[in-house]
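**Student:** missing the sequence, but the structure's below:
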Ligand SMILES: Cc1ncc(COP(=O)(O)O)c(C=O)c1O
């Protein structure tokens, strides 16, 4: 059996599967992408122009939202959406510790206090019961994260927000293309906040972000906040910042948006291949299957008590992996102003210790997925 397997797959360490490889995407789309940036350069207009407007409309339409407001990053999308909803010093925002730190940092930047609650250990997203227990007189918003592309429990959260008169702001930075109950994430709450960091499912060639919303007044306020608070040029109505999406990024993103659905189909297929190949590995928890949701499969995250040993074994076999995320927010000095909600963060701590992200991107090949699966199996057998 061992020998037969050795003939089928190359020997350990003999090839490399990258965690991500954006050069493959560029190679596939080069003519369209080159035409896009050249069009911008030839026009000579680089910040907030025709490309940004066209992309805002296209992405909002893709999500099923009335407005899209392009900003400089996902962090700014969250920060400005919260500020646009009037949230600031003295307010509390209920969110999770198990996320990209930027989620929590965006709350801190508004002056509000993040209240960190636990995730549902079955899904990895905010536990609505924990969120309910954390609501107090100062709570103004719920900020769920559709982590790894898995939509949070939006129906329960929407009901909770309505019951307490809270804003629901969705962190969709890892969830372009994900759906909950058939609706695109980002359109259930008051605002959906997206990142276009290069490695996202829809990524720019630099930083970028967007808030989508159906709230006309919020959209108007966001357009001021992203540009010095300007009502019209050189006349500020609000305390705004400079957080604009640029024309080169918007032009690149317009090309890539045209591929997003096809890439999503590909991500789903590759995730299914991983699931089929890894389902019987003892001690390895696979990503959740949550009824009524269509995840974006931004990351393929497995969990094991032997995460670090598995990661080392995979590295020795040439497989790039990631850990999202090693340190929950409450364990980092930069988030000292955040408070832990009632109930603690036991599931968040456990996930942080056990999560391991395997390579997953649209230009990953089937034989590479098979190589990763074989490497995981080999490592698990060796570790006993
Ligand atoms: C869940 C989540 N929230 C927020 C952010 C912040 O986005 P950005 O890096 O574009 O500021 C990211 C991406 O890094 C993220 O993954």
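**Tutor:** Sure thing, it's come through. Bear in mind the structure is a predicted one, so any value in this text is a computation, not a measurement.

**Student:** skipping its backbone neighbours, what lies nearest residue 78 in space?
**Tutor:** residue 106 (3.5 Å; C-beta to C-beta, 6 or more residues apart in numbering). (Glycine included, C-beta is placed from N, CA and C.)

**Student:** then residue 32?
**Tutor:** residue 255 (4.7 Å).

**Student:** can you check the pLDDT for that neighbour?
**Tutor:** As predicted, residue 255 sits at a pLDDT of 98.

**Student:** wait, it touches residue 30, no?
**Tutor:** No - in this structure, residue 255 is not within contact of residue 30 by C-beta atoms under 8 Å, at 10.3 Å.

**Student:** tell me which of the two has more neighbours.
**Tutor:** A count of neighbours by other C-beta atoms under 10 Å puts residue 255 above the other of residue 255 and residue 30, at 17 against 10.

**Student:** okay, and the helix or strand of the protein with the least pLDDT?
**Tutor:** Here the helix or strand of the chain ranked lowest by mean pLDDT, DSSP states H and E is helix 2-8, holding a mean of 45.

**Student:** ok, now how distant is residue 68 from residue 308?
**Tutor:** Remark: distance between residue 68 and residue 308 (C-beta to C-beta, to the nearest Å) = 41 Å.

**Student:** which one's more surrounded, these two?
**Tutor:** Legend: neighbour count by other C-beta under 10 Å for residue 68 and residue 308, higher for residue 68 (26 against 13).

**Student:** could you spell out the sheet neighbours of the helix or strand that contains the more buried one, each with its direction?
**Tutor:** Element membership of residue 68 [criterion: DSSP states H and E] is strand 67-71. If you go by DSSP bridges, strand 67-71 pairs up with strand 209-213 (antiparallel).

**Student:** quick one: contacts of the partner strand?
**Tutor:** With contact meaning C-beta atoms under 8 Å, 6 or more residues apart in numbering, strand 209-213 is reached by 56, 59-60, 63, 65-77, 80-81, 84, 173, 186-187, 190-196, 218-219, 222, 245.

**Student:** which of these fall in strands?
**Tutor:** 67-71, 191-195 (DSSP state E).

**Student:** list just the nearest of those residues to the ligand.
**Tutor:** residue 195 (3.2 Å; C-beta to the nearest ligand atom).

**Student:** for the closest one, give me its contacts.
**Tutor:** Going by C-beta under 8 Å, 6+ apart, the list of residues near residue 195 reads 73-75, 77, 102, 173-174, 208-209.

**Student:** ok, which pair from the residues you listed is furthest apart?
**Tutor:** Greatest spatial distance among the contacts of residue 195 (C-beta to C-beta): 174 and 208, at 14.7 Å.

**Student:** these two: which is more packed in?
**Tutor:** In terms of neighbours (other C-beta under 10 Å), residue 208 is the more surrounded of residue 174 and residue 208; the figures are 31 against 28.

**Student:** who in the chain is up against the ligand?
**Tutor:** Contact residues, the chain versus the ligand (C-beta under 6 Å from any ligand atom): 73-75, 99-100, 102-103, 145, 171, 173-174, 195, 197, 207, 209.

**Student:** looking at the residues you listed, which one is closest to residue 92?
**Tutor:** For the residues of the chain next to the ligand, the nearest to residue 92 is residue 103 (14.7 Å; C-beta to C-beta).
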